[in-house]
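S.K.: Sharing a model prediction with you, sequence too.
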Amino acid sequence: MMLAFPLPRYLTPFLQAPALLALLWLLLALAGPWVAPYLPGEVVSTTVFAPISARHWLGTDYLGRDVLTRLLYGTSSTVLLCAASTVMACGAGAFLGMMAALKRGMTDTLLSRFMDGVISIPSLLSGLVAVATFGSSVPVLVLAMACIYLPGSYRTCRMLALSIVQKDFILAARMRGEKTSYLVVREILPNMAGPVLTDVGLRFIYAVRLLSNLSFLGVGLQPPQTDLGSLTRENLLGLVYGAPAVIAPALAIAFLTVGLNLALDGKGRHQ
Amino acid sequence: MSGHSPPPLITVRNLCLTGRRATGPETTIVSNVSFDVAEGEMLALIGESGSGKTSIALALTGYARTGCRIAQGELRVAGHDVRTMGASELRSFRGKTIAYIAQNAGAAFNPALPLMEQVIEPALTHHILPRKEAVDHAIALFEMMALPTPHTIGARYPHECSGGQLQRIMAAMALITEPEVVIFDEPTTALDVTTQIEVLEAFRVAMRQCGFTGVYVTHDLAIVAQMADRAVVLKNGSVQEEGPTGQILNKPTQSYTRQLVAASQPHLRNHDALPPATPLLDVQNLMVGYGAIMPNGHPRHTIVNSVSLPVRAGETLGIIGESGCGKSTLIRAIAGIQPWSGGNMFFAGEPLPPRIEDRTPQQRQHLQLVAQNADLVLNPALSVGATLRRVLTFYNEDASDAALNRVLDMVRLPAAVAGRYPTQLSGGQKQRVNLARALAARPRLVLCDEITAALDTVVAAAILDLMMELKRELGVSWLFVTHDLHALRSVCDHVAVLYAGHCVEFSTASALNAPPRHPYTRKLESSVPEMHPGWLDGVIRQNGLKPGRVAPIPAHGCCYMPRCPVAVADCAQTPPPTWQAPSGALINCHLQAPDLS
Amino acid sequence: MNAKLGIAIARRLGASCVSLVFVVVAVFFITSALPGDVAQSLLGQAATPDAVAALRHSLRLDEPVLLRFASWAGGLLRGDFGMSLVSHQSVMSMVHERLLHSLLLAGITTLFAVPTALLLGTLSAIFRNTVFDRCVSVLTLCVVSVPEFLVATLAVLVFAVQLHLLPALASISDIHSIGSFLAAFSMPVATLGCVIVGQMARMTRAVMVNVLSSSWVEMAVLKGVSPTAIILRHVLPNVVAPLFNVMALSLSYLLGGVVIVESVFHYPGIASLMVDSVASRDIPLVQTCALIFCAAYLLLTTLADVVALFSTQERSRA
């Protein structure tokens, strides 16, 4: 691809399919509540599980609410919640991982041992325990997911940073007497940006799965708030009628996770 | 060509190979290659990296690596039309009619199976010999290859053998089915010269006794001279020249071959007089090691053992030795990135602290390290210009575009290179940028760790030329670590020979050619293949073929004692003295000048 | 050499025990020591402060944390997991039967999933970059990307609602014949199996591709060894350890999937018990279930590591 003017190299990871797809979902999440035709809790029809119609593009749900509206709100909360927790997890993970790789020694050993311990607990279990203890509210869910995915991100970033730190160009910079901040910003970070962004994408997918599963079990987001998992759950009865009320949120989850994962996988194949 | 010669055993006509990376477009690797190999003949495929020589060799077995394919052409090997054979025909052809000896024997053996199982596998797979006879035959081959303990070595696993041993065991594996054609794919490239010669000797004996037709893939013309009857010179996947070995080496007709031959000929690049004896760097009794400190103050395992080296201002000091001799450790200790446990260093008269963090900014600036692998030294995320500019600004030098161009010009690179990224450069260009990065700091001494080892012959020769020009222009001193005796002689004023962490000989480069010499220096010298055919036969006549001995280095004696052909009783008990020969060479040996001539 | 192997195994088991202790401590402190008042939530917002205080006292929540941990951990050692806050039965008796049901489900799934996944992964590694490989890759990617409940819901939609082949709920109380056994188990097992196979096949492919692209496999091809012999003689000894690791990881993943599957199909296993106890905030029950899951995970990974030690012992004798 030839561009009219050369872009800085650190921008190139953002110009690939996975990043563009993620951006699209983020836009949808931010704009969704603004363009929704109705209010999310408003009962607008006397027919429940109504099929697709001009008035209700995706029919109505088990209470007669507009599915499109609820889907837009649900997508918004799923994407924003998961994005927030992913950003927190990966930000902290990258910081700690790089520190461990640069400092080595005791800091590295203790941190890595601890993270290995946390990572060994299946994520859905940690989620359930967290909800059982603190109740299910937005801050609890975001923080719990951030904590659950921090160790994985830490591990990835530490490995990446470690392989870069051992390269000779870091040695050359250290021999010159460069400061740690210069090493991190100019020498290490630009070389891990690509793999780290892939990792962020994967963790976002994990977070969507976890949140949807929790909500589907009824311990995730509580009404009146809604997300894609709880939308599927509350309309499960509609399955018998093949109502769009249950199929639409299920498809939305599938598009979100599978689409992003396919894009990331395709990118991995090319490299 | 005489008219009644028998039909060739191998015929290759208009061979084209293509390959693709991931989902990229298909590119041509080899185009329109044709050659013949007569029965009993050894043909060399000569080429640098990327010339397609290995791909052609593999194509002879009907095999192409993942992503590659044989696009067109005719391949006839020992009466088989390779391209029309089906999968099962190819299976009974490979290993039985044509055998392959891979470049890296360490990786080509299955780590989970004992060696004997793998060696006899071709014979069992093709139902040539019953198991028991196959084992006996393998042991006979091990004996022929002069392997130590031929009866029990087969029970070992690959990681329990050295690289030279594995390469010979792989040759035994190829020969066990008595194939008509054997392909040697750079079999000695990864080995030290002293090991290489043992392997070459073994191959030579096998060629005599088994009488196969061979294809020898290599980049080393001196080895071609020893092993091959005819040679095909390849460049970027097409044939440059073909002819008998003697003609290719002595009267090359094509410009590329001439270039290649010229680069492989040893020639003196350093014509300057020895600078006055003012030491720039003085290393005194350096000890580097690891493990607990013993009562005598030395670490339990020593890597560099009381080495003293003076480097004069404006000279090139070479350090030579085989892999594991401690030469890289020594240079890293001088660079301040390898802690040392004993000895002193002085740089320009000032003491040089062991840790880089404790050195003055001036010392750091004036002592620059150029590491072997330019791919690792250059930050792939920074452009060449950004890398060099950072060095200039860090040392408060002029960092204008003009200054940047001056630095690039110093290493003979065009100014346009500044805008490129390391991945867009060739191997030679990267190594030049690597040098430029060090030179931008205006150093007084540059430490070069095997900077030509990963480069093709022609490119490496150009880097050596550049080093000498820079020495003259800038007056920098070089500390040049290598395993290549030709390169060492060509550029160095003084030479230190390292063996097992000891400096066994220190002399001027010219004195290195003349006796008396340390027995190891002599061994090193006699192991470097020369460009004339018959050199190997001469060496075999002189040495005979004897199994390599394995003995530990004596705790108090001479480090070279276990391999020394002239060792005396004293060598096992007392450390050898260092004495000065009439040529000025300092030799670390119990024997005196008359015995070492 | 056996002594060396013994020491290595003992060290691995020791490390697992340390991890188990870590898990016990973590589970207790996360569930009982951090803020979040069980008594308040049990009685609801309308409860009087006195009632809450009384309940706190009877649950011993007013005692110091370390004392409570000591008595809880002591109980664990004696096999006493405490009393349920909601049903006032002993946790042990509630968990016992449910655990057997879950193990049955996991066992049957493993029996089907592991061979399928290994075969699928190996085949796509052998035929890598062909249409077959791409199809398997996309399918498995889809399965592992979507949340488990989606696969379960899809299974119900297709088999129970559209085709009327199978009941939507797994009633294992009235299993009398092979037919009713199949009816009860096929959907939960298929759903769970799908997810596990997807995960395991992808990891198996990665392991196999890594080995198949090694230089010694190329050498075996050039020796004329047949593909079957290459897989059985050359590849197999080298992949035992990593494949057991893959299996352990995938089966531990089964622990997460089982929670969803049991809930969707109303299968009376330990995972659905845990979800119920989370919803009712029955802390002793949550603690016990979480411990069982973590112990199962530790057991699996330890087992895989011990197998790896055994499979490499022959080579490391030198």
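M.R.: In hand now; what should we look at? Numbers count the residues shown, from 1 in each chain, chains lettered A, B, ... in the order given.
S.K.: Residue C:32: neighbour count?
M.R.: Applying the criterion other CB atoms under 10 Å in any protein chain shown, we find 20 residues in the vicinity of residue C:32. No exception for glycine: its C-beta is placed from N, CA and C like everyone else's.
S.K.: Contact partners for it?
M.R.: When contacts are counted by CB atoms under 8 Å, 6 or more residues apart in numbering or on different chains, residue C:32 is found next to C:38, C:65, C:68, C:69, C:72, C:283, C:287.
S.K.: which residues of chain C score low on pLDDT?
M.R.: Counting by pLDDT under 70, chain C contains low-confidence ranges at C:1, C:33-47, C:59-61, C:166-176, C:256, C:313-318.
S.K.: For chain A, which residue gets nearest to chain B?
M.R.: Residue nearest to chain B within chain A: residue A:190 (3.5 Å; CB to the nearest CB).
S.K.: so what's that residue closest to, chain neighbours aside?
M.R.: residue B:381 (3.5 Å; CB to CB, 6 or more residues apart in numbering or on different chains).
S.K.: related to what we said a few turns ago, chain A: which of the contacts of residue C:32 is nearest?
M.R.: The shortest distance between chain A and any of the contacts of residue C:32, using CB to the nearest CB, involves residue C:283 and amounts to 7.0 Å.
S.K.: Which ones among the contacts of residue C:32 also lie next to chain A?
M.R.: The subset of the contacts of residue C:32 lying close to chain A, counting by CB under 8 Å from any CB of the partner chain, consists of residue C:283.
S.K.: one step back: isn't the residue of chain A closest to chain B right next to residue B:421, touching?
M.R.: No: contact status for residue A:190 versus residue B:421: not in contact, 11.1 Å apart, counting by CB atoms under 8 Å.
S.K.: In space, not sequence, find me the middle residue of the chain.
M.R.: Going with chain A. For chain A, the residue whose C-alpha lies nearest the mean C-alpha position (CA atoms, centre = their mean) is residue A:204; its distance is 2.1 Å.
S.K.: my question was about chain C
M.R.: With distances taken as CA atoms, centre = their mean, residue C:255 lies nearest the centre of chain C, 2.5 Å away.
S.K.: thinking again about what came up before, can you pick out the most distant pair from the contacts of residue C:32?
M.R.: In the contacts of residue C:32, the most distant members under the criterion CB to CB are C:38 and C:69, with 15.4 Å between them.
S.K.: higher neighbour count, the two?
M.R.: It is residue C:38, of residue C:38 and residue C:69, that has more neighbours when counted by other CB under 10 Å, with 20 against 16.
S.K.: now the residue in the stretch 251-400 of chain B positioned nearest to chain A: how far from residue B:441?
M.R.: Proximity to chain A, evaluated over the stretch 251-400 of chain B using CB to the nearest CB, is greatest for residue B:381 at 3.5 Å. To residue B:441, residue B:381 is 21 Å away according to CB to CB, to the nearest Å.
S.K.: ditto for residue A:44
M.R.: Separation of residue A:44 from residue B:441 (CB to CB): 74 Å.
S.K.: One more: residue C:75?
M.R.: For residue C:75 relative to residue B:441 (CB to CB), the value is 69 Å.
S.K.: tell me which parts of the stretch 151-300 of chain C are close to chain B?
M.R.: Near chain B, the residues belonging to the stretch 151-300 of chain C are C:213-216, C:218-226, C:229, C:233-234, C:237-238 when assessed by CB under 8 Å from any CB.
S.K.: Show me which of the residues you listed are buried.
M.R.: Members of these that pass the buried threshold by neighbour count (16 or more other CB atoms under 10 Å in any protein chain shown) are listed as C:214, C:216, C:218-226, C:229, C:233-234, C:237-238.
S.K.: now the helices: where do they sit in the stretch 201-318 of chain C?
M.R.: All helices of the stretch 201-318 of chain C, identified by DSSP state H, counting those that start in this stretch, fall at C:215-222, C:227-229, C:236-264, C:270-279, C:283-313.
S.K.: Those helices: which one's closest to residue A:138?
M.R.: helix C:270-279 (17.8 Å).
S.K.: what's that closest one packed up against?
M.R.: helix A:123-134, helix C:91-126, helix C:236-264, helix C:283-313 (3 or more CB pairs under 8 Å, 6 or more residues apart in numbering or on different chains; DSSP states H and E).
S.K.: coming back round to it: out of the helices of the stretch 201-318 of chain C, which is the most enclosed?
M.R.: When neighbours are counted by mean count of other CB atoms under 10 Å in any protein chain shown, the highest per-stretch mean among the helices of the stretch 201-318 of chain C falls to helix C:270-279, a mean of 24.
S.K.: Just want the angle from that one to helix C:236-264.
M.R.: For helix C:270-279 and helix C:236-264, the angle between their directions (axes from the mean of the first three to the mean of the last three CA atoms, to 10 degrees) works out to 50 degrees.
S.K.: Quick one: distance of stretch B:203-210 to the chain centre.
M.R.: Centre-to-centre, stretch B:203-210 and its host chain are 24 Å apart (CA atoms, centre = their mean, to the nearest Å).
S.K.: Excluding residues flanking it in the chain, which one is nearest residue B:215?
M.R.: With sequence-adjacent residues excluded and distances taken as CB to CB, 6+ apart, residue B:215 is closest to residue B:183, at 4.8 Å.
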